[in-house]
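**Q** My questions concern the predicted model and sequence given below.
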Amino acid sequence: MTTLACDPTNALTDTTQRRWDVLVVGAGPAGSVAARQLARLGLSVLLVDKAQFPRRKVCGCCVGSAAVELLARIGLADILPSLAAQPIRRLCLAAAGRCAPLALDGGVAVSRDALDAALARAAVDAGVEFQSGTTAQLADWVNGSWRVDLTCADNRATIVAKAVVAADGIQGGFLSRHQNCRRQPARGSRIGAGAVLATSPAFYELGAIYMAIGNGGYVGFVRLGDGRLNVAAAFDRPIVVAAGRPAIAARAIVDQAGFPWPEELTSAVWQGTPPLTGRPRHLADRRLFVVGDAAGYIEPFTGEGMTWGILSACELTPLVAESLAGDPLTAARKWDKLHRRLLGRRMMICRMLGSMLRRRWAVSAAIGVLARWPGLATPLVRYIGRSGL
């Protein structure tokens with residue numbers, strides 16, 4: 001099996017001696033898929049990630065039906081079954097002690113750390129050079145290429161790449177020096193937190209997403225194929241500050257919704273995120289392309305984040321290749337427009353849903369209606385997650 005570990009003693013030696021066609025920063029679903037697809041075009045591709053693999057991520061662990069189809073379309077149909085991905089058939093929305101079960105179609109639950117490692121390994125198998133435990137910082141544009149500073153352990157080096165794909169998510173700082181392409185958090189954005197539990201109430205069954213909605217946020221539960229329970233939450237920052245710990249804020253929301261409280265969550269180790277919702281002013285520059293969560297992230301609904309990342313990575317690939325053969329700014333302008341066509345409307349709908357979840361009266365009314373007529377939500381859920389233009 002291909003190793004994904006970084007050897008600090010010589011990790012940067014070979015990379016500095018090459019002029020790469022493409023550098024991809026961030027080995028989440030968007031970054032690894034983009035790197036793999038570019039390598040399959042015959043380009044030399046370096047993929048880096050600041051974490052050592054496998055690594056945990058705060059994520060709902062839900063992959064939408066469109067992402068399942070996309071992975072099959074690009075020759076990665078075996079990845080999800082190999083990770084014991086579990087089909088998800090329903091979403092249980094709960095608030096104020098009322099619950100509305102909604103039908104879902106074709107999505108799966110899968111361990112995010114296992115999925116990211118598998119996609120990175122698929123990229124390596126396609127010819128990508130991968131370095132984990134390596135941070136990257138965009139430096140400058142010189143003579144038609146980007147200079148990028150890399151750091152692995154105590155080793156530092158500067159590499160040259162003709163094109164760069166920024167896929168470092170909502171927590172990345174790769175573009176912090178780029179005024180137009182660095183991520184701008186939305187005002188009032190919620191923060192994320194998550195944990196994975198070894199033991200939990202049997203109430204949380206395989207094949208379902210459970211979303212508890214309450215004052216100041218929501219908490220989602222999904223059971224993984226190995227029996228663990230993945231927990232992902234979004235909180236208003238003042239709620240967590242007042243509570244002192246994510247577990248206390250989460251318990252208040254879960255109790256309000258009427259779901260059983262997993263006692264292990266009280267003492268679990270939680271991971272946090274910066275503000276969830278945000279996007280850059282522009283998604284591209286001269287042979288510089290932003291993709292995945294780094295290109296825009298909205299509070300999640302049913303796993304559409306990974307779907308959007310995989311979809312946009314696939315659509316970006318030919319534009320990166322085009323930029324290497326022609327004017328570096330033409331493809332950049334195309335990517336801004338194409339990304340808006342791909343995801344703009346669906347992001348707007350998710351933003352509206354996220355806004356509704358902040359209004360107790362709207363949530364209560366919606367759950368009351370959906371509890372009686374759950375089919376009303378089916379067209380909306382399918383539209384948000386569908387693939388293609």
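**A** The structure has been received and is ready for your questions.

**Q** can you map out the helices along this protein?
**A** 13-16, 29-39, 65-73, 79-82, 112-125, 237-243, 246-257, 264-267, 304-325, 330-357, 360-372, 378-385 (DSSP state H).

**Q** Tell me which of those is the most buried.
**A** helix 29-39 (a mean of 29; mean count of other CB atoms under 10 Å). For the C-beta atoms, the positions are set from N, CA and C on the backbone; glycine is no exception.

**Q** Can you give the distance of it from its chain's centre?
**A** 14 Å (CA atoms, centre = their mean, to the nearest Å).

**Q** Also stretch 167-176?
**A** Worked out by CA atoms, centre = their mean, stretch 167-176 lies 12 Å from the chain centre.

**Q** Give me the contacts around it.
**A** 24-28, 30-31, 34, 49-50, 136-138, 166, 181-183, 273-276, 278, 280, 290-294, 297, 309, 313 (CB atoms under 8 Å, 6 or more residues apart in numbering).

**Q** Got the confidence number for the residue nearest to L70 when sequence neighbours are not counted?
**A** Leaving aside its sequence neighbours, L70 sits nearest to I310 (CB to CB, 6 or more residues apart in numbering; 5.0 Å). Looking at I310, its pLDDT reads 93.

**Q** Quick check, I310 in contact with E69.
**A** No. If you go by CB atoms under 8 Å, I310 and E69 don't touch, sitting 9.8 Å apart.

**Q** now the strands: where do they sit in the stretch 51-200 of the chain?
**A** According to DSSP state E, counting those that start in this stretch, the stretch 51-200 of the chain carries its strands in the segments 62-63, 86-95, 98-109, 129-131, 134-142, 145-152, 155-166, 183-185, 191-197.

**Q** so which of the ones you listed gets nearest D336?
**A** Closest approach to D336 among the strands of the stretch 51-200 of the chain is made by strand 155-166 (13.9 Å; CB to CB).

**Q** distance between stretch 139-152 and the chain's centre?
**A** 25 Å.

**Q** now stretch 359-376
**A** Put simply, stretch 359-376 sits 28 Å off its chain's centre (CA atoms, centre = their mean).

**Q** Stretch 230-248 too?
**A** Relative to the chain's own centre, stretch 230-248 is displaced by 20 Å; criterion: CA atoms, centre = their mean.

**Q** Span of that stretch from start to end?
**A** End-to-end span of stretch 230-248 (CA to CA, to the nearest Å): 17 Å.

**Q** swap in stretch 223-232?
**A** Note: stretch 223-232 ends 12 Å apart using CA to CA.
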